[in-house]
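Trainee: Make a model of this:
(4 chains)
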Number of protein chains: 4
Amino acid sequence: MEGLDDKLILNVGGMRHETYISTVRAFPGTRLYKLTEPPPPGSPAAQGPPVREFFFDRNPELFSYVLGYYRTRQLHCPNDVCRDVLEEELAYWGLAEAPLAPCCWLKLSGRETRTQDFLSWEACENANLDERLLLNPMEGQGLRNAWKPWLWVLLDQPQSSLGAKCLSLISTLFAVCALVIFFQETEVQLDYFSANFTPMGHGVGVGGSQQQQQQQQNNGLVYRRAPHLLYLELLCSLWFGTELFARAISCPDKVRFLCSPLNLADIFCLFPVLVELVVGDKAERQPRLSLTLGAIRSLYVLKLVRLLGFLEKSLALRVLVHTLHSSWKEVCAFLLIWVAEILFFGSLFLYGELLGMSAPGQSELHFGDIFTCLWWTVITLTTVGYGDVYPLSAMGQLTAAVTATVGMCTGVLLVPVLLVRFQRYYAVALARQKLRPSGIL
Amino acid sequence: MEGLDDKLILNVGGMRHETYISTVRAFPGTRLYKLTEPPPPGSPAAQGPPVREFFFDRNPELFSYVLGYYRTRQLHCPNDVCRDVLEEELAYWGLAEAPLAPCCWLKLSGRETRTQDFLSWEACENANLDERLLLNPMEGQGLRNAWKPWLWVLLDQPQSSLGAKCLSLISTLFAVCALVIFFQETEVQLDYFSANFTPMGHGVGVGGSQQQQQQQQNNGLVYRRAPHLLYLELLCSLWFGTELFARAISCPDKVRFLCSPLNLADIFCLFPVLVELVVGDKAERQPRLSLTLGAIRSLYVLKLVRLLGFLEKSLALRVLVHTLHSSWKEVCAFLLIWVAEILFFGSLFLYGELLGMSAPGQSELHFGDIFTCLWWTVITLTTVGYGDVYPLSAMGQLTAAVTATVGMCTGVLLVPVLLVRFQRYYAVALARQKLRPSGIL
Amino acid sequence: MEGLDDKLILNVGGMRHETYISTVRAFPGTRLYKLTEPPPPGSPAAQGPPVREFFFDRNPELFSYVLGYYRTRQLHCPNDVCRDVLEEELAYWGLAEAPLAPCCWLKLSGRETRTQDFLSWEACENANLDERLLLNPMEGQGLRNAWKPWLWVLLDQPQSSLGAKCLSLISTLFAVCALVIFFQETEVQLDYFSANFTPMGHGVGVGGSQQQQQQQQNNGLVYRRAPHLLYLELLCSLWFGTELFARAISCPDKVRFLCSPLNLADIFCLFPVLVELVVGDKAERQPRLSLTLGAIRSLYVLKLVRLLGFLEKSLALRVLVHTLHSSWKEVCAFLLIWVAEILFFGSLFLYGELLGMSAPGQSELHFGDIFTCLWWTVITLTTVGYGDVYPLSAMGQLTAAVTATVGMCTGVLLVPVLLVRFQRYYAVALARQKLRPSGIL
Amino acid sequence: MEGLDDKLILNVGGMRHETYISTVRAFPGTRLYKLTEPPPPGSPAAQGPPVREFFFDRNPELFSYVLGYYRTRQLHCPNDVCRDVLEEELAYWGLAEAPLAPCCWLKLSGRETRTQDFLSWEACENANLDERLLLNPMEGQGLRNAWKPWLWVLLDQPQSSLGAKCLSLISTLFAVCALVIFFQETEVQLDYFSANFTPMGHGVGVGGSQQQQQQQQNNGLVYRRAPHLLYLELLCSLWFGTELFARAISCPDKVRFLCSPLNLADIFCLFPVLVELVVGDKAERQPRLSLTLGAIRSLYVLKLVRLLGFLEKSLALRVLVHTLHSSWKEVCAFLLIWVAEILFFGSLFLYGELLGMSAPGQSELHFGDIFTCLWWTVITLTTVGYGDVYPLSAMGQLTAAVTATVGMCTGVLLVPVLLVRFQRYYAVALARQKLRPSGIL
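Mentor: Numbers count the residues shown, from 1 in each chain, chains lettered A, B, ... in the order given. The predicted model follows:
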C-alpha cells in the first residue's frame, strides 16, 4: 500500500480532488498521467514536496467522473450532462477514446434525440411562421408589394383580425351554399340515372329500343338542372376563384402553395362549373362527363376543413399532422404491407373456397372473379364485414378467420409507432410553446 | 498561457470556485466581469495581491453552471432546476440574455408544463370540493340557510353518510322502477304501431279506408296504457321532481347546476308524464306526440349513470373526464374531420357507383338519394358494415376499400392525443392525492 | 448593505456553507435563526469574533436547499430526494411547515407512487410465492403433512420438475380428449334437435301429432349417444376429479382455492357426466336437461387455459392480470356506462324508427319488441353489425350513426386508463425481477 | 450531547466530510466503525488529538450517501448511479448487506433494464450487420470466395449500390409479371370451375351423367391455359430460381437463410410451374392438384414484401419486428386465449341457441354443426359480423352480446403489452443509432 506522501491534489475550478499518484497512473498518455511523469522538482505551488497541487480551470463536477474512471476503470457520466460538454471535457483530459459504460449510453442519446426533435419541430413551425413574419421586413420594398403580406394574412389566418374573421365566415357560407347546391344536384342526377339506367350502359332491353330512345329524350329534358342552381354555383365559383387568385398572388412561397392538397382541391373545384358552361346542354347527353364533373364537385367538402382554421391554435393537432408527415416511411410501409395482405389473403381465399367447394351439400359459387375476392379481403381485414361475400366452405372459413384476426392486429400495430413519435414531438412542441415568449430561446 | 497569480477565488455561499481572470472576462458587462474591471487596489479581503477572493451569498450549485458558461460559452442547467430559480440567478449574475443550450430546453419546459397541469387539475378538483367545504363557513349565517349545505351533501354525495346512501338507494330503486315502466310501455306502443301502421303515416291502402278508420278506433282502445302504469310513473316522477327541487334550491352554484347535462336530463324527464296528464287520452290519438314523449322518456336511463356515484372515488375516471373536458378543441376538430370524411366519401361513393354501374351484368341501383350514401359512409367508416347498402361496381368497391381503411385509421389517430393528455393529468392527480393529506401542499 | 463581518459559516457534514446573518434571520423561530439570537460571546470555535462557524452533523446536499429557502423564500428540492428524508431534514431545521414550491411537487409524489405500486405488486407476487415457499418450513411438522406441499407443487407448477411436466401433459391430453368427445356429442345433439324441433318446444304442427309422436320416439333412439363416448368421458372425469381432489387437499389456502374461477370451472365440469349416469336414459327424453348439461360441458374448454402454465414465466401477462385486478373500479364503471349506453341508444333507436316510419315509401317494421332494439344497439356499439336489424328511416339512421361513433370511441377511451396503470406496474415488476436475485431487496 | 472534540474528518477523494464518532459507531464491523475502534494514539495526520482526519481515495459523491446511512439508518442512492458502481462502493465500505430504501429501488432497475434492452437490440442488429461486414475479413481467403460477399450484398441489400438497385428493380418487375400471370390464370380457373362444378365434387345430377362427361371433356379443353402464359411464368420462375440459388450459395449463414419465412416462400414458389411442366396436361384433369398449385402460387405476393427493402432504413419498423420477435411468449399466450375464447363462446352460443329456440314464433335452426358456431364466434370476436349466421333467440343474443364485448376488449388488451416493449426498444434503438457513428460506443 502506498504512503500518504504520494497524495496528489487536483484543484479543478476551486474544488479540491485528492487521489494517489498510483491511481492517476492507470492510463498512460493522458493529461493527468503526464502530471506525474517528470518528477517536478520546482513546482510553482508553495506546498511541501510530499503533497503536490495542480490547478485546472475546468468543470469540477465532470472531473469527479473523470477521476472515477481512473479509480474504477469505468467511465460513467451524470444524468443531466449534455453530450458536447462531456466530449469536450474528455478531450481536454486526453480521454476522447475512453468507452462510456453501457448503463450511461441512454443518458446521452435521450437528450440528443430530443434536441433533434426540437429542431425538426422548430423548422416545421418556422415554415408556417415565416410567412407571417414576412410583413415587417418587406415594408421597405415600396408600395407595390406592401399589400401582399397584408392580403395573405387576411386570407390565410382567420384569427388574425376582425376582417379576416368576417372574410373566413363569408367563405364558409359560400362553401356551405355550394355544398347544398351539390347535394341538390345529386338528387336530380340520381333520379335521371335510376330512371333510364339500362339504355345508357348496356342496352339489353327486350326489343324496346324505340321506346327507350323516346324515354331518354324525355329524361334528357328531365335532367336539365334548374338554371338558378347553375347560376348560384357559378356565383360561388367566382368567389372561390377570386379568393384562390388573391391567395395565389399574395402567397410568399408559390411552390409550397401548389403542393398543399387543400389548394389543389380548390383549383380542381373550379373546373366543373366552367366545363358545364362551356359544354352547355351537351353535358346532359353525355352522362359520363356529367358524372365525372359531379365526382370532382365532391371536393367542395374539403372546403369545410378550412373551418379547422378557427381551431388552429390546437397544438395537439398540429403535432399530429407533423407526426404523420415525419412518419411517411412507416405509413408507406404499412400501406405496402396492407396491399400485400389484401393480395395474399385474397388469393388464399379464392383457392380455399374452390378447394372446399367439392364437399357435398354446398351451394353455388358466389364470386366470379378474383377482384371479388380482393374486395372481400379488404372488407374482412378492416372488420367491416358487409356480408355480400362470405366463405361457404370450411377451408374458406379458416382463411377468413385468419384474415379477420390479422386485420384486427394490423390496426393495433400502428398504434405504438405513431404514439412514440407523437409523444416525442408533443413534448418538444410544448417546450417551444412555453419557452418562446419568455426569451430564453 | 496565464500565470497563477491571475487566479480569482469566488466564494459563493461557502463553496470556493477558482478560475482565471481571463475566463471571467469573456462576457463584458456582467457582474463577474465588473469584478475585474477596476484593478482593486484595496480589496476588503485580507489575502495577498495575487489571489483575490470575493464572497457572494448565492446558490453555489447553479453558480457552477454560470461559471461553466464563462468557460465553454454554453449555458447549461441542471436537471432538477426550477425555471424561476434559474432566471433569478441569471439575472443576478447579469446573464439574463444568455441563450440556454438546446439540450437543456426540455429540462425547463417539462417542469413548467407539469406545474400548469397541476394548477388546472387543482382548479377542477377545487370546483367540486368548494361545494362540499361550504358547510363550515356558512354555519354562522343564521338558521335559515344552515340546512342548505346539509341537504346538498345529503343529496349529492352518496358516500358521505348512511342517510345519503339510503336516499341514493331509494332514488336508484325509483329509477329502475321508472325504467321497467318505460320498457313495459314500449311494448304497448310497438303493438299499437305495428298493428295500424299504414293508416297513420301514408294511407296508401287499396281503398279500404272505412275498414281502416274502424281499425284505428279499435286500436285507439288497444293503445290505452294500463292506468296503474301511469300512476306508478307519476309516483316516480313526483319523487324525481321533489329530489330535483331539493337539489336545485340547496345547490350553492345554480349556474353550474343548470349546465350539468345530467341535471338537464332530470328536468326533461319530468315533462312526459305531466304532458300526458294534461293532454289526457287525446295523446293516444296523436301518435307523434306519444312517440316524442316516449323518446324523452328514454332519458330515464341516464339516471342509472348516477350509480357511478358509488364509485366516484375512482381517480382514473375523474381524470378521464377532465382530459375530455380540456381536449374540447381536439374533440371538436375530430368531429369536424369526421363529418367532412362522411360527406366526402359519401359523394365519392355516389359517383363511383354511378360511373361503375355502366358495366354490363350489374343489378339495379340500390340507393335512391344521397342520404343513403352518407348513411353507408358512416356505417363503413365505423367498420360496422350492416350490409344493407354496399357497392356493386368496381369503382364503388375501390371507394369503399379506401373509406374502410381511412375509418380504421381515424379511430387509431385519436389514441395518442387523448393518451398523452391523460398521462399528464393522471400524474398530477396522483401527486395531488398523495401530497394533500400530508400538509406539504 | 452589510459588511463582511456579519458572515456566518455553517459547517454541515463537512461542507462549509457561508451566508450573511441577515439572510438567516428571514424566518424567526427556526434552528438557524436561533443561532443568531443571542450574540454568542464565547463560541467554541477558535475563529475570531467577526466570522462565527457552527457544525451540524446533517446531510450537506439537502442543507443547500434549506439555505436556498432563506435566500429566495422558495423551498425547492432535488430530483432524487426521497420524501421522508426531506421531511426529516426540514423538521430538524425547524421548517416542517415550509411550503414546497409547486414545481417540485411531482418530484416527491412520483417516487412515492412508484413505491406504493412496488408494494402492491410485491404483495400480489408474494401471495403466489407463499404457497411455493411453504415447502421448507413445513418439513419439520412430521411425516403426515410432508407430502402436501410436494403434491401441491407437483400439480400446480408444470415447470417445477420433470414429473410435474409429465403430469401436466397427461392432464392436457385428457382435456383435449374430453373436448373431442364434447364436440362429437354436439353433432349428435344437433342432428336430434334439428330433426324433431317443432314437437319439442311448441307443438304447433297442423294436426300431425300422431306422426310427430312416432317420430320423436324414433329420434329418441337416434339421440342415444354412443356408449363408448360416455365411458370415455367418465374416464376423463375420473382423472379430473382425482386431480381436483388432490389439488384441493394439498392446497395451502383453501379459500383462495375455491375463489379461483378456474377451479370453480373444474368443479362444475364434473357434474354433467355424473348427472347423466344417475338420470340414465331419461335425460334423452328431457331435452332441456340434456342441453343444460351440454352448456356446462363447454367449461371443458377452460382446461385449455391451463396450458398457459407452460408460459407462466411471462412477466407482461402477470402484470396485465394484476392491472385488471387492481382496476376493478374502472372496469365496473365502464361496464355500467356500457349498459347505460345500450339502454339509452336502444330506446332512442326504437322511437327514432317509429317516428321516422311515417315517411312514405318505407317497408314494414322489422322488430317487434324493445329487446330487438337493445340487441341491435349492442351489435352496433361493438361495430359488429350483422345486418339482421338495421334502421330504415332517416331518424333511425341518424341514431345509428351516433351510436356507431360512440361505440367506436368507447373502446378507445379504455386504452389510456389501462395503459397508464400497466406502465406503472410493469416498471415495478421489472425492477423486482432484476433486484430480487441480487439480494439488494 | 457530544462535544466538538469527538468530530471525525473523513477526506474522501478530496471532499472533507465531518461527522461525530458516535454517528459512525452505528454499524459495527464496517470500515468506518473500525476507524474508531482502537483509539489511534499516533495517527499519521499532523492535526491535534481532538480532530482526527482520514483519507480515502474513493468516490466522494457516493460517500455522502454512505454517511447519510450512518446518520439516518436509511440507505438512499442518487438518481444517476449505475448499479455496479454502487455495489462496489458499498462493498468497500463494508455495507454490502445494507438494505436499499424502497424509494430508490426503481432508480437502479430502470437503468439496468435499459442496458439489457440495449444489448438485446445490439445483438439483433449485429446479426444483420455481420453478414454485411463479412466483406473485408474474407478478402484474404483467395479468389474463390471473394465473389461471395460481393454477390450477397448485391442481392440482399437493394440500397448498397446502383447495380443492386437495378437488380432489385428487375426482380420486382418479374414479381409483378408473375402476379399478373397468376391473376390471369385465376380467371381461367374460375371460369372452368364455375362451369362444371357439380360433376367434379358430387355428381348428384338427375341422371344427366352422359351429358356431364361430355361437358367435362369440353371444358377440359377450355381449361387448357394459354401456352404463352405458362412459358412466361416459366421464365419468371427461372429468374427467381437463379436469384434464389445465387443468394443461397453466397449466404454467409445457411441456417438462418433457410429459417427466414420469405426465403421459404421463395423456395415453395418454384414448385408449381415445375410440377405443371412434369405433369403436363394431366393436371387439367385433376382439378384438386391444379387448385393446390394455384394456392401455392399465391406466395408470389410475398415477393412484393421485398419492396420494403427500399424503405429498410426505417428504424421504427425494425424495432416493431424486434418487439414482436421478443414478445413471442405474449403472442403465443394471446393466440391460446384467442382459441380458448373461440371454443368457449362457440359452445355457449350453440347451447344458448338450442335452449332459446323452444320459444314460440322462431324460425328454423340456421346452423347444422358446431363448426358453424365456431365460425360465427370468430366473426363476432373480430367484430366483422357478416350476418350469415346470427342468433335468433334471446339467450343466443345474450351470448352474442357478451362475445362481441369480449372481442372488442381483447384487441385493446394487446396494446399495452406491445406498446411498453416497443417504447423500451425504440429508446435504445435511437440511442444506438445516435451514438455508434460518433465512436462513443
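Trainee: Disregarding residues adjacent in the polypeptide, which is nearest to A:L354?
Mentor: D:L291 (5.1 Å; C-beta to C-beta, 6 or more residues apart in numbering or on different chains). C-betas here are computed from N, CA, C, even on glycine.
Trainee: Let me fix that, I meant to ask about A:C409.
Mentor: D:L414 (7.2 Å).
Trainee: sec struct for the one you found, please.
Mentor: Following DSSP: H, G, I helix; E, B strand; the rest coil, D:L414 is assigned to helix.
Trainee: Over to the one 3 residues further on?
Mentor: Classification of D:V417 using three-state DSSP returns helix.
Trainee: Please enumerate the helices of the stretch 201-350 of chain A.
Mentor: A:209-223, A:227-250, A:254-259, A:261-279, A:287-297, A:302-305, A:315-326, A:328-356 (DSSP state H, counting those that start in this stretch).
Trainee: Nearest to C:L343, out of the ones you listed?
Mentor: Closest approach to C:L343 among those (C-beta to C-beta): helix A:315-326, 33.2 Å.
Trainee: Output the contacting helices and strands for that closest one.
Mentor: Contacts defined by 3 or more C-beta pairs under 8 Å, 6 or more residues apart in numbering or on different chains; DSSP states H and E place helix A:315-326 against helix A:105-133, helix A:394-435, helix B:328-356, helix B:394-435.
Trainee: Which residues belonging to that helix are considered buried?
Mentor: Under the neighbour-count criterion of 16 or more other C-beta atoms under 10 Å in any protein chain shown, helix A:315-326 has A:A316, A:L317, A:R318, A:V319, A:L320, A:H322, A:T323, A:L324, A:S326 buried.
Trainee: For that helix, the averaged confidence score.
Mentor: Helix A:315-326 carries an average pLDDT of 86.
Trainee: Please work out which residues outside it touch it.
Mentor: Contacts to helix A:315-326, defined as C-beta atoms under 8 Å, 6 or more residues apart in numbering or on different chains, come from residues A:120-121, A:124-125, A:308, A:311-312, A:331, A:418, A:421-422, A:425-426, A:429-430, A:433, B:327, B:329-330, B:333, B:413, B:416-417, B:420-421.
Trainee: got the angle for that helix vs helix A:328-356?
Mentor: Here helix A:315-326 runs at 70 degrees with respect to helix A:328-356, directions being taken by axes from the mean of the first three to the mean of the last three C-alpha atoms, to 10 degrees.
Trainee: Checking the residue nearest to A:R73 when sequence neighbours are not counted next. Helix, strand or coil?
Mentor: Of all residues not flanking A:R73 in the chain, A:A26 sits nearest, at 6.9 Å (C-beta to C-beta, 6+ apart). Assigned by three-state DSSP, the conformation of A:A26 is coil.
Trainee: Give me the number of neighbouring residues for A:A26.
Mentor: Other residues near A:A26 come to 14 when the count uses other C-beta atoms under 10 Å in any protein chain shown.
Trainee: same deal with A:L335?
Mentor: 11.
Trainee: measure it to D:L302 for me?
Mentor: 16 Å (C-beta to C-beta, to the nearest Å).
Trainee: Ok, A:R297 next?
Mentor: Distance from A:R297 to D:L302, by C-beta to C-beta: 41 Å.
Trainee: Same question for A:S260.
Mentor: Taking C-beta to C-beta, one finds A:S260 at 37 Å from D:L302.
Trainee: coming back round to it: turn the buried residues of helix A:315-326 into CSV, including distance to D:T372.
Mentor: Output for the buried residues of helix A:315-326, formatted as CSV (distance: C-beta to C-beta, whole Å):
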residue, distance to D:T372
A:A316, 46
A:L317, 46
A:R318, 50
A:V319, 48
A:L320, 43
A:H322, 49
A:T323, 44
A:L324, 42
A:S326, 48
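Trainee: List the residues that contact the residue of the stretch 301-441 of chain A found nearest chain C.
Mentor: The stretch 301-441 of chain A approaches chain C most closely through A:G387 (5.5 Å), counting by C-beta to the nearest C-beta. Shown in contact with A:G387 (C-beta under 8 Å, 6+ apart): B:G385, B:G387, C:Y386, C:G387, D:G385, D:Y386, D:G387, D:D388.
Trainee: again, only using 7 Å
Mentor: Each residue near A:G387 by C-beta atoms under 7 Å, 6 or more residues apart in numbering or on different chains is listed here: B:G387, C:G387, D:Y386, D:G387, D:D388.
Trainee: Look up phi and psi at it.
Mentor: Main-chain torsions, A:G387, degrees, to the nearest 10: phi 100, psi 10.
Trainee: re earlier: I'd like to know which of the helices of the stretch 201-350 of chain A is closest to B:L106.
Mentor: Among the helices of the stretch 201-350 of chain A, helix A:315-326 sits nearest to B:L106 (C-beta to C-beta), with 14.7 Å.
Trainee: now the closest one: how far from the chain's centre is it?
Mentor: How far helix A:315-326 lies from its chain's middle: 5 Å, per C-alpha atoms, centre = their mean, to the nearest Å.
Trainee: Assign A:T19 to helix, strand or coil.
Mentor: strand.
Trainee: how far away is it from D:N11?
Mentor: Taken as C-beta to C-beta, the span from A:T19 to D:N11 is 11 Å.
Trainee: what's the answer for A:L10, then?
Mentor: A:L10 is 14 Å from D:N11, by C-beta to C-beta.
Trainee: who has more neighbours, the two?
Mentor: Between A:L10 and D:N11, counted using other C-beta under 10 Å, A:L10 has the larger neighbour count: 24 against 20.
Trainee: Tell me the pLDDT of the residue nearest to that one when sequence neighbours are not counted.
Mentor: Nearest residue to A:L10, sequence neighbours excluded (C-beta to C-beta, 6+ apart): A:H17, at 4.5 Å. Listed pLDDT for A:H17 reads 82.
Trainee: which residues does A:H17 contact?
Mentor: Neighbouring residues of A:H17 by C-beta under 7 Å, 6+ apart: A:L10, A:F63, A:S64, A:L67, D:G13, D:G14.
Trainee: Please name the nearest non-neighbouring residue to the second one.
Mentor: Counting by C-beta to C-beta, 6+ apart, the nearest residue to A:F63 once its immediate chain neighbours are dropped is A:V12, at 4.3 Å.
Trainee: Contacts only, for the one you found.
Mentor: A:F56, A:R58, A:P60, A:F63.
Trainee: Would you check how far apart it and A:L67 are?
Mentor: Distance from A:V12 to A:L67, counting by C-beta to C-beta: 9 Å.
Trainee: low pLDDT regions in the stretch 151-300 of chain A?
Mentor: Residues of the stretch 151-300 of chain A that meet the criterion pLDDT under 70 lie in A:194-225, A:280-285.
Trainee: switch the cut-off to 80
Mentor: A:152-153, A:155-161, A:188-227, A:251-254, A:256, A:260, A:279-291 (pLDDT under 80).
Trainee: Rebuild the contacts of A:G387 as a markdown table, extending it with distance to D:L264.
Mentor: Shown next, in a markdown table, are the contacts of A:G387 (distance: C-beta to C-beta, whole Å):
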| residue | distance to D:L264 |
| --- | --- |
| B:G387 | 38 |
| C:G387 | 40 |
| D:Y386 | 32 |
| D:G387 | 37 |
| D:D388 | 34 |
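Trainee: Please identify which of the residues you listed is nearest to B:I181.
Mentor: Using C-beta to C-beta, the contacts of A:G387 come closest to B:I181 at C:G387, 32.1 Å.
Trainee: so which strand or helix has A:I9?
Mentor: Element membership of A:I9, judged by DSSP states H and E, is strand A:7-12.
Trainee: mean confidence score for that strand?
Mentor: For strand A:7-12, the per-residue pLDDT averages 83.
Trainee: what's the angle between that strand and strand B:7-12?
Mentor: 80 degrees.
Trainee: Run the chain-centre distance for strand A:7-12.
Mentor: With C-alpha atoms, centre = their mean, you get 54 Å for strand A:7-12.
Trainee: mind checking how far the residue nearest to A:C409 is from chain B?
Mentor: Distance from D:L414 to chain B, counting by C-beta to the nearest C-beta, to the nearest Å: 13 Å.
Trainee: What is the neighbour count of that residue?
Mentor: For D:L414, the neighbour count with other C-beta under 10 Å is 19.
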